[in-house]
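Undergrad: Sequence and predicted structure are below.
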Amino acid sequence: MPHAIPESLQTKIEERLRYYQDLNIRLFYRDRVAHRAAAPETPVASRPEPSPRSAAQEPVLPRPKNMPAAPPAAPAPITSSAALSLFEEKVPGDTLLKIREDLGECTRCKLHKGRNKLVFGDGNPHAQLVFVGEGPGADEDLQGLPFVGRAGKLLTQMIEAMGLQRKDVYICNVVKCRPPENRTPEPDEVQTCSPFLLRQLDVINPKVVVCLGACASKALLQTNRGISQYRGEWQDWRGRKLMATYHPAYLLRNPPAKADVWKDLQKVMAELGLPLPKKKSP
Ligand code: SF4
């Protein structure tokens, strides 16, 4: 005779399933055992190259003049990582609009309590380059847009120094609601919100992801290593290139570090095939 599931456990399972449903995650089985056995010891998550998005899903925005088209994606070797296990699979037919709708007036973590506006992300939905920051600040919280305060202005300068404009790239954060007093997002908040970031990145499917600061780098790379240990070095992240660099807010406090960030951004430019501008660092 089958064992009955206790009511409290059943309620918990139902709640968890509803949460995954909100995230549009419907497939729950996957044989990862073989992959894990073959996975190399590495702190950096990697996964097979995501398949190119169907052109029919969203309107194609013009690519910036000086940004060449990405070469066809080469099949990546199957490797695996213990990180991001519940969200390894892409959500079929996902779009940024759908992700925004799934978020709704989100109350999934405590950050919703102090929020004015949820800051989803902004920019080109087909960008080759995505910047990921930590979370909204006061200006972002009021306007509902990422990186619009002082640090945002510096980020805009950095983007323009690369020969691009903000509308050419996509900008978002690990958490979408402002942490009180601009504190660092707590682990439970990152864990609750980051699945939506992963969905955004899978939908946009950029060639390069730039993590701005330790929070974004740790969240995506699933590592506790200090950012200074791997800043400026290419990381393989879910079949894409990831560059961790300092957050613009840190650069406002430590202007000499701008030179390091500019070196990192020049590596990104080279990877994207962008010509190195003649102007000096921002
Ligand atoms: S930070 Fe993310 S998970 Fe938390 S309430 Fe805001 S949108 Fe929801």
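TA: Perfect, I can see it now.
Undergrad: Show me which residues of the stretch 151-282 of the chain are close to the ligand?
TA: 175-177, 189, 192-193 (CB under 6 Å from any ligand atom). Glycine gets a C-beta too; all of them are placed from N, C-alpha and C.
Undergrad: just those residues now: which is nearest Leu9?
TA: Thr192 (21.2 Å; CB to CB).
Undergrad: what's the burial count for the closest one?
TA: Neighbours of Thr192 under the rule other CB atoms under 10 Å: 18.
Undergrad: what's the answer for the one 4 residues further on, then?
TA: Other residues near Phe196 number 24, with proximity taken as other CB under 10 Å.
Undergrad: which ones are touching it?
TA: 23, 99, 102-103, 176 (CB atoms under 8 Å, 6 or more residues apart in numbering).
Undergrad: Got the phi and psi for it?
TA: Phe196 has phi and psi values of phi -70, psi -40 when expressed as degrees, to the nearest 10.
Undergrad: returning to what we had before: most neighbours, which of the contacts of Phe196?
TA: Neighbour counts for the contacts of Phe196 peak at Lys176, which has 28 neighbours (criterion: other CB under 10 Å).
Undergrad: And the pLDDT for Leu17?
TA: Reading off the confidence values, Leu17 has pLDDT 60.
Undergrad: What about the residues of the stretch 151-282 of the chain next to the ligand, which are in helices?
TA: Among these, the ones falling in helices (DSSP state H) are 189, 192-193.
Undergrad: Make a markdown table from those and add pLDDT to it.
TA: Below are those laid out as a markdown table (pLDDT from 0 to 100):
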| residue | pLDDT |
| --- | --- |
| Glu189 | 98 |
| Thr192 | 98 |
| Cys193 | 98 |
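Undergrad: Just send those back as JSON lines, with distance to Cys211 too.
TA: As requested, those are arranged in JSON lines below (distance: CB to CB, whole Å):
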{"residue": "Glu189", "distance to Cys211": "17"}
{"residue": "Thr192", "distance to Cys211": "19"}
{"residue": "Cys193", "distance to Cys211": "15"}
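Undergrad: element containing Met243, please.
TA: Mapping Met243 onto the secondary structure by DSSP states H and E places it in strand 240-245.
Undergrad: Following the chain onward from that strand, which element is next?
TA: Criterion used, DSSP H and E; the element after strand 240-245 is helix 248-253.
Undergrad: Quick check: next helix or strand after the helix or strand bottoming out on mean pLDDT in the chain?
TA: In the chain, no helix or strand scores lower on mean pLDDT, DSSP states H and E than helix 33-38, which sits at a mean of 38. Once helix 33-38 ends, the next helix or strand along the chain (criterion: DSSP H and E) is helix 96-103.
Undergrad: Can you tell me the number of residues neighbouring Asp122?
TA: Look at Asp122: counted by other CB under 10 Å, it has 18 neighbours.
Undergrad: how near is it to the ligand?
TA: Here Asp122 is placed at a distance of 15 Å from the ligand (CB to the nearest ligand atom, to the nearest Å).
Undergrad: give me phi/psi at that residue?
TA: phi -150, psi 150.
Undergrad: if we can go back for a sec, list of residues touching the strand holding Met243?
TA: 44, 50, 201, 206-212, 216-217, 220-221, 227, 230-236, 260-261, 264-265, 267-268, 271.
Undergrad: Restricting to C-alpha, output that strand in PDB.
TA: The C-alpha trace of strand 240-245 is given here as PDB (Å, rounded to 0.1, in the frame of the first residue of the first chain):
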ATOM      1  CA  ARG A 240      29.200  32.200 -23.400                       C
ATOM      2  CA  LYS A 241      32.100  34.500 -22.500                       C
ATOM      3  CA  LEU A 242      31.900  36.300 -19.200                       C
ATOM      4  CA  MET A 243      34.100  39.100 -18.000                       C
ATOM      5  CA  ALA A 244      34.000  40.200 -14.400                       C
ATOM      6  CA  THR A 245      35.100  43.800 -13.700                       C
END
